[in-house]
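Asker: Sequence and predicted structure, then a few things I'm wondering about:
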Amino acid sequence: MIYESVKKLITYATEHYLISPVDRVWATNRVLEALHLDEYVEPAEDYADVDLESTLKEILDYAAEAGIIENSVVYRDLFDTKLMGLLTPAPHEVIDMFSALYAESPQAATAYYYKLSRDTDYIRTYRVKKDLRWKYKSDFGDLDITINLSKPEKDPKAIAAARNSTKSSYPKCQLCHENEGYAGRVDAPARQNHRPIPITINDSQWYLQYSPYVYYNEHCIAFNGEHTPMKIDRAAFGKLLDFVTLFPHYFLGSNADLPIVGGSILSHDHFQGGNYEFAMTKAPIEKKLSFVGFSDVDAGLVKWPLTTIRLTSTSRERLIDLADKILGAWRAYTDEEAFILAQTDGEPHNTLTPIARRRGEKYELDLVLRNNITTEKYPLGVYHPHPELHHIKKENIGLIEVMGLAVLPSRLKGEMDALKKAMLQGRDLRADETLAKHADWAEDILSARKVTAENIDQVIEEEIGKVFATVLVHAGVYKCDPAGRAAFDRFVAAVNAK
């Protein structure tokens, strides 16, 4: 059977143009070597439309039974990435193809690269499909709700092995270019099938790749060729606009550069983008703004729960100038009445989450005001999901969620399945250790809505969506009410006074 699986894998590689038909023998021998097979009799049967997931499973099962690998998710992932790395075109081949297609159009180049990333299993498409996804119609537009099931949990053996292993500083982090072709470890993912594309940003070496666990269409990452910390500054705005100049069909944004509101790897300068239109992108301008000296830049407050200033202009430099002015004012801004403190005990609190995109010939920058202050009442952050929401969402609110896509923890699938059964059966939720944290929320739902076996799935999805909409409200530094709008106007006046 292993011979059949090997032939299917090689057939898959030719079907998806990872190798040429003339490479079949060479590629077969590389796979046989990895499987410690000294003999091979090619099966007579011809295969077509090979399913990669099931084929890799067959090979991994064999490798585990033969003692080549331990039969756990971490070791299986390390080994199947090794196999796919044997069949992935060399970096120069990928770069040459990308460059040739880019000469036709940026869209053609990224379409090729995105397909390659899926075909080589760098993006594990069959895992991404497991994520639960739905829309929630909120007052701010259709929010995307996802429960992330694509990242496998480590097994105890792998956790123990990682704990006992010699710590390595290579690669410096999971974003570094050093990951290209890296074999991985129990505490670091294998990347033999990783082929980042070199690009020039801010007159320096950067790279384009896709996220291995895509949260939306063509979810990409642009990362600095140097392992250098993230920083939101004037240069960051220029980097974002450089990228959308290169790839006008993509947006690009940055997590904030402070803990709590960052939600990212702050040690390596990088951005996230892609080919997707979020609820925030579609949100209209609630109020036009005027900034002194920038009459040539259209500005407005976006109708969105997180305080967002949208700037639009045909001139990149004018956008950068105004964005830098707003950033400088916000970094130093304190309004005690609105509980906006620039710093406490020397620790800075104000920063931005910037997002860039193109609108035809115009450039657009969204500047989301962020603040990471904590208090005794809110030790995880004042502008962070409040404790009553932690049963659904406790993690940081980063760039993707700022734009309206919830990335909810995998635990929710099992918890919601159990909760729905308990609600329909009228059981005491507080008597169940796992469900007790959801009890107040579930009781509020039952008191407000008629819940039946036929509608409970829809009800729970809607109520989870409602929680996420509230999460975004909590993360907003100025609330969408008269007091919040008045406080925001004070900030705009402070920018104009500079």
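Answerer: Perfect, thanks for sending it. Computed from a predicted model, the values in this text were never measured in an experiment.
Asker: Which helix or strand contains residue 273?
Answerer: In this assignment (DSSP states H and E), residue 273 forms part of strand 270-274.
Asker: who does that strand touch, helix- and strand-wise?
Answerer: Secondary-structure packing of strand 270-274 (3 or more Cβ pairs under 8 Å, 6 or more residues apart in numbering; DSSP states H and E): strand 220-224, helix 234-246, strand 251-253. C-betas here are computed from N, CA, C, even on glycine.
Asker: Please repeat the previous calculation with a cut-off of 10 Å.
Answerer: Counting contacts by 3 or more Cβ pairs under 10 Å, 6 or more residues apart in numbering; DSSP states H and E, strand 270-274 is packed against strand 204-210, strand 220-224, helix 234-246, strand 251-253, strand 350-359, helix 399-402.
Asker: ok, that strand: who's next to it in the sheet?
Answerer: strand 220-224 (antiparallel), strand 251-253 (antiparallel) (DSSP bridges).
Asker: In this protein, what helix or strand scores lowest on average pLDDT?
Answerer: helix 156-164 (a mean of 58; mean pLDDT, DSSP states H and E).
Asker: can you give me the helices in the stretch 251-400 of the chain?
Answerer: Under the criterion DSSP state H, counting those that start in this stretch, the stretch 251-400 of the chain contains helices at 279-282, 316-331, 399-402.
Asker: Quick check: buried residues in the second one?
Answerer: By neighbour count, and taking 16 or more other Cβ atoms under 10 Å as the criterion, the buried residues in helix 316-331 are 316, 318-327, 329-331.
Asker: still on that earlier bit, could I get the helices and strands packed on strand 270-274 in CSV, plus columns for mean neighbour count?
Answerer: Compiled in CSV, these are given as follows (neighbours: other Cβ atoms under 10 Å):
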stretch, mean neighbour count
strand 204-210, 19
strand 220-224, 23
helix 234-246, 21
strand 251-253, 25
strand 350-359, 23
helix 399-402, 24
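Asker: nearest to residue 106, of those?
Answerer: helix 234-246 (6.7 Å; Cβ to Cβ).
Asker: Okay, angle between that closest one and strand 204-210 too, please.
Answerer: In terms of direction (axes from the mean of the first three to the mean of the last three Cα atoms, to 10 degrees), helix 234-246 departs from strand 204-210 by 60 degrees.
Asker: Give me the angle between helix 234-246 and helix 316-331.
Answerer: On the basis of the same axes, to 10 degrees, helix 234-246 is oriented at 140 degrees to helix 316-331.
Asker: report the longest helix in this structure, please.
Answerer: Within the chain, and with DSSP state H defining each element, the longest helix by residue count is helix 456-475.
Asker: list the contacts for the most centrally placed residue in the chain?
Answerer: Nearest residue to the geometric centre of the chain (Cα atoms, centre = their mean): residue 215, 5.6 Å. Residue 215 makes contact with 128, 131, 133, 144, 146, 148, 150, 272, 274, 276, 400-401, 405-407, according to Cβ atoms under 10 Å, 6 or more residues apart in numbering.
Asker: What residues are bridge-paired with residue 288?
Answerer: Beta-bridge partners of residue 288, as defined by DSSP bridges: residue 300.
Asker: Name all residues that make contact with it.
Answerer: Residue 288 touches 298-301, counting by Cβ under 10 Å, 6+ apart.
Asker: between those, which is closest to residue 354?
Answerer: residue 299 (14.2 Å).
Asker: My reading is that the residue nearest to the centre of the chain lies in a strand. Confirm?
Answerer: No - Residue 215 is assigned coil when assessed by DSSP: H, G, I helix; E, B strand; the rest coil, not a strand.
Asker: Show the pLDDT at it.
Answerer: We have a pLDDT of 93 for residue 215.
Asker: Kindly report the same for residue 105.
Answerer: At residue 105, pLDDT is 98.
Asker: how close does it get to residue 248?
Answerer: 10 Å (Cβ to Cβ, to the nearest Å).
Asker: For the two, work out which one has more neighbours and name it.
Answerer: residue 248 (17 against 12; other Cβ atoms under 10 Å).
Asker: Pipe the buried residues of helix 316-331 into CSV and attach pLDDT per row.
Answerer: Compiled in CSV, these are given as follows (pLDDT from 0 to 100):
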residue, pLDDT
316, 96
318, 97
319, 98
320, 98
321, 98
322, 98
323, 98
324, 98
325, 98
326, 98
327, 98
329, 98
330, 98
331, 98
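Asker: Would you format the residues you listed as JSON lines with distance to residue 220 included?
Answerer: Formatted as JSON lines, those follow (distance: Cβ to Cβ, whole Å):
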{"residue": "316", "distance to residue 220": "21"}
{"residue": "318", "distance to residue 220": "27"}
{"residue": "319", "distance to residue 220": "22"}
{"residue": "320", "distance to residue 220": "22"}
{"residue": "321", "distance to residue 220": "27"}
{"residue": "322", "distance to residue 220": "27"}
{"residue": "323", "distance to residue 220": "22"}
{"residue": "324", "distance to residue 220": "25"}
{"residue": "325", "distance to residue 220": "29"}
{"residue": "326", "distance to residue 220": "26"}
{"residue": "327", "distance to residue 220": "24"}
{"residue": "329", "distance to residue 220": "31"}
{"residue": "330", "distance to residue 220": "27"}
{"residue": "331", "distance to residue 220": "28"}
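Asker: Farthest-apart pair in those, please.
Answerer: The largest separation in the buried residues of helix 316-331, counting by Cβ to Cβ, is between 316 and 331 at 22.0 Å.
Asker: coming back round to it: can I get the helices of the stretch 251-400 of the chain in JSON lines with distance to residue 8?
Answerer: Formatted as JSON lines, these follow (distance: least, Cβ to Cβ, whole Å):
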{"stretch": "helix 279-282", "distance to residue 8": "42"}
{"stretch": "helix 316-331", "distance to residue 8": "50"}
{"stretch": "helix 399-402", "distance to residue 8": "36"}
